[in-house]
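A.B. asks: sequence and predicted structure, then a few things I'm wondering about:
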Amino acid sequence: MNDLQGGTGLVVEIPAGLVARGPAEPTPPRRPGSVRRTSTIDMRWPDGPGTRLRLAGRARDLLTPHDGGDPAVLREDSMRVGIDSATRTIEEIDTDPPRPNVAKLIGARGGGNSRAVLAAAMADESSAGTPLYLLLDDIAGASLIAGFAYSRWVDRDLLIQAVSAGPVRDMTGICTGFQPGSGALMPDGSSKWNHQVRPVEPLPRADDAVSWHALEEITDMSMRRARRIDVHVGEVICIDSMFQDSSTMPAGGRVAVHEYRLTATAHPDTGELLTIDADPRVLPYDECPLASRNVEKILGTTLSELRAVVLAEFSGIEGCTHLNDAMRALAEVPSLVRALRYDESPERRR
């Protein structure tokens with residue numbers, strides 16, 4: 001056992017071998033008879049640190065046909081959002097293609113508030129399982145982690161001074177990584193500035209121009225939240241997904257602070273979750289991988305119910321904010337399965 005002393009004077013025990021294993025292998029080849037959903041949200045401050053945060057999100061569903069034909073884009077959505085950096089309040093938002101109801105999100109604050117407003121305002125997008133809904137739901141998480149980029153671009157001593165001048169945010173108990181006794185906590189309950197990061201390679205495959213949707217090449221200070229969800233159906237629904245939060249670096253390249261890979265299977269008729277495995281790849285603190293041991297609590301849950309059930313089952317130290325979002329993102333898998341079944345249908349083959 002690896003014992004780590006936290007700021008509370010308690011001890012968190014970490015089983016031997018339970019570690020973040022490093023960035024996953026490159027994006028896998030597309031499988032015939034599969035749908036791949038990819039999404040990214042790029043976070044930037046065009047007017048400098050501390051000014052309005054700008055989010056540029058893009059998501060795409062790509063069908064790779066069973067018969068080996070050319071891949072087909074099923075749906076593609078994008079959004080642009082302006083957020084107050086201090087309060088995480090949505091100040092402006094637009095989407096392409098346009099959705100009039102998205103204006104109802106203006107004034108919502110990133111976190112539980114924005115998700116409640118989102119569920120009410122965009123219920124039709126949720127039920128249809130659109131790529132846009134994944135982007136909109138990720139506004140809460142993106143606005144939370146965006147500031148990590150400062151730690152790569154702003155002088156560390158100046159940054160710590162600026163943070164220290166503000167009110168102390170007690171992080172104790174908000175997630176597995178910050179449970180009482182965690183080595184990630186300072187004695188006052190604030191988080192330590194010793195994040196573990198790993199360099200990561202570009203997301204697209206060099207041998208497949210459509211392995212991801214088009215990605216902007218960004219060299220200034222920014223964060224990127226990326227997701228990939230691959231789905232195919234045999235005797236069961238098979239799901240292979242990844243999630244990554246990464247920052248640009250002044251010297252070039254990117255480093256990840258969060259990365260998970262999830263694999264799961266579900267019943268082909270009911271959508272009931274049969275198996276799930278969470279593979280921690282890059283996480284900021286030694287205690288963070290502990291959250292991966294809890295994921296089997298949602299076995300038996302219907303995929304479409306995951307957004308609500310995960311929040312209920314993995315609150316506080318039972319979960320990881322980022323792993324929770326990776327599991328919740330599987331709620332729209334049924335819409336990808338429907339696309340696959342249409343590709344196989346007699347109507348599609350006529």
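C.D. replies: Good, I have the coordinates. The structure displayed is predicted, hence computed values, not measured ones.
A.B. asks: in the stretch 1-150 of the chain, which spans are strands?
C.D. replies: In the stretch 1-150 of the chain, the strands defined using DSSP state E, counting those that start in this stretch lie at 2-5, 11-14, 34-44, 53-64, 72-83, 90-96.
A.B. asks: name the helices or strands packed onto the second one?
C.D. replies: Right, strand 11-14. strand 2-5 (3 or more Cβ pairs under 8 Å, 6 or more residues apart in numbering; DSSP states H and E). For the C-beta atoms, the positions are set from N, CA and C on the backbone; glycine is no exception.
A.B. asks: can you list the neighbours in contact with stretch 132-144?
C.D. replies: Applying Cβ atoms under 8 Å, 6 or more residues apart in numbering, the contact partners of stretch 132-144 are 37, 39, 41, 43, 53, 55, 57-59, 77-79, 81, 83, 88, 90, 95, 99, 102, 105, 110-112, 114-115, 118, 122, 125-126, 223, 225, 227, 307, 321-322, 325, 328-329, 332.
A.B. asks: and those, which are buried?
C.D. replies: 37, 39, 41, 43, 53, 55, 57-59, 77-79, 81, 83, 88, 90, 95, 99, 102, 105, 110, 114-115, 118, 122, 125-126, 223, 225, 227, 307, 321-322, 325, 328-329, 332 (16 or more other Cβ atoms under 10 Å).
A.B. asks: for Asn294, helix, strand, or coil?
C.D. replies: For Asn294, the assignment made with DSSP: H, G, I helix; E, B strand; the rest coil gives helix.
A.B. asks: could you give the number of residues near Arg21?
C.D. replies: Arg21 has 16 neighbours, counted by other Cβ atoms under 10 Å.
A.B. asks: got the phi and psi for the residue nearest to it when sequence neighbours are not counted?
C.D. replies: Nearest non-adjacent residue to Arg21, counting by Cβ to Cβ, 6 or more residues apart in numbering: Arg281, 5.8 Å away. Here the main-chain torsion angles of Arg281 (degrees, to the nearest 10) amount to phi -110, psi -50.
A.B. asks: tally up the residues packed near Arg281, please.
C.D. replies: 21.
A.B. asks: ok, it to Val200 distance?
C.D. replies: 9 Å (Cβ to Cβ, to the nearest Å).
A.B. asks: which neighbours do these two share?
C.D. replies: 23, 256, 259.
A.B. asks: pull out the buried positions in the host helix or strand of the last one.
C.D. replies: For Glu259, the element it lies in under DSSP states H and E is strand 254-266. Using 16+ other Cβ under 10 Å as the burial criterion, the residues of strand 254-266 that qualify are 254-262, 264-266.
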